[in-house]
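*Asks:* pasting the sequence and the predicted model now:
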Amino acid sequence: KAGVTQTPRYLIKTRGQQVTLSCSPISGHRSVSWYQQTPGQGLQFLFEYFSETQRNKGNFPGRFSGRQFSNSRSEMNVSTLELGDSALYLCASSPPGQTYEQYFGPGTRLTVT
Amino acid sequence: AQSVTQLDSHVSVSEGTPVLLRCNYSSSYSPSLFWYVQHPNKGLQLLLKYTSAATLVKGINGFEAEFKKSETSFHLTKPSAHMSDAAEYFCVRPFYGGSQGNLIFGKGTKLSVKP
């Protein structure tokens, strides 16, 4: 089975711009979670989607949003980028009935200049 | 409180010597527990998981972990380190309830392996 894929792998944006990141979960997985990883804050939970519905949301400003499509693929969007949004954004998917067992993609490295 | 504590932020070993990465969890009950590994600029890979079956759990790449309820610990071990084991390791547990997401991550232990 193919693993979780994320596109793009690297991205450079300017402050004030917006960005969309994409995640394709493992086939058969319907739960997708997003995390932000920075050296200072470590891994922080952004949100989780299941069957096209946001099931859980972390403590991030409204500039961070996401969605999930009927094929379980997910996107996250960050609007009005700030320098502090520079991070590795990780997506993870879970097998049916195993919400806590998550399989991670390689991440998207976002640099905001 | 539901949390995991990784007792060492950095561990350095020589190639061929044993590895011990320590993790303690706090909870009023025994949770599921996981160890993940992250190589530089890569995503996290699931090494092993404990889900209240056998207390000694074997994972990939020769790693294993032992769940000890009396010590609330879930330490990760490997008998003989390899250069390719150099990475950051995260002890992880589920978060039950609330809006903090489904997983709680330890702060990570960076493992260095000297030739």
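*Replies:* The structure has been received and is ready for your questions.

*Asks:* all the strands of chain B, residue numbers only.
*Replies:* Ranges of strands in chain B, per DSSP state E, are B:3-6, B:10-14, B:19-21, B:23-26, B:33-38, B:44-50, B:56-58, B:64-68, B:73-78, B:87-94, B:103-105, B:109-114.

*Asks:* to clarify, my last question referred to chain A.
*Replies:* According to DSSP E, the strands that chain A contains are A:5-7, A:10-13, A:19-24, A:31-38, A:42-50, A:53-57, A:64-68, A:74-78, A:87-94, A:103-104, A:108-112.

*Asks:* tell me which of these sits nearest to B:Tyr36.
*Replies:* Set against B:Tyr36 and scored by C-beta to C-beta, the strands of chain A come closest in strand A:103-104, at 7.6 Å. Where C-beta positions appear, they are placed from N, C-alpha and C, glycine not excepted.

*Asks:* turn the strands of chain A into CSV, including mean neighbour count.
*Replies:* Listed next are the strands of chain A as CSV, based on neighbours: other C-beta atoms under 10 Å in any protein chain shown:
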stretch, mean neighbour count
strand A:5-7, 16
strand A:10-13, 13
strand A:19-24, 19
strand A:31-38, 23
strand A:42-50, 21
strand A:53-57, 14
strand A:64-68, 19
strand A:74-78, 20
strand A:87-94, 24
strand A:103-104, 20
strand A:108-112, 18
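
*Asks:* perfect, I'm done here.
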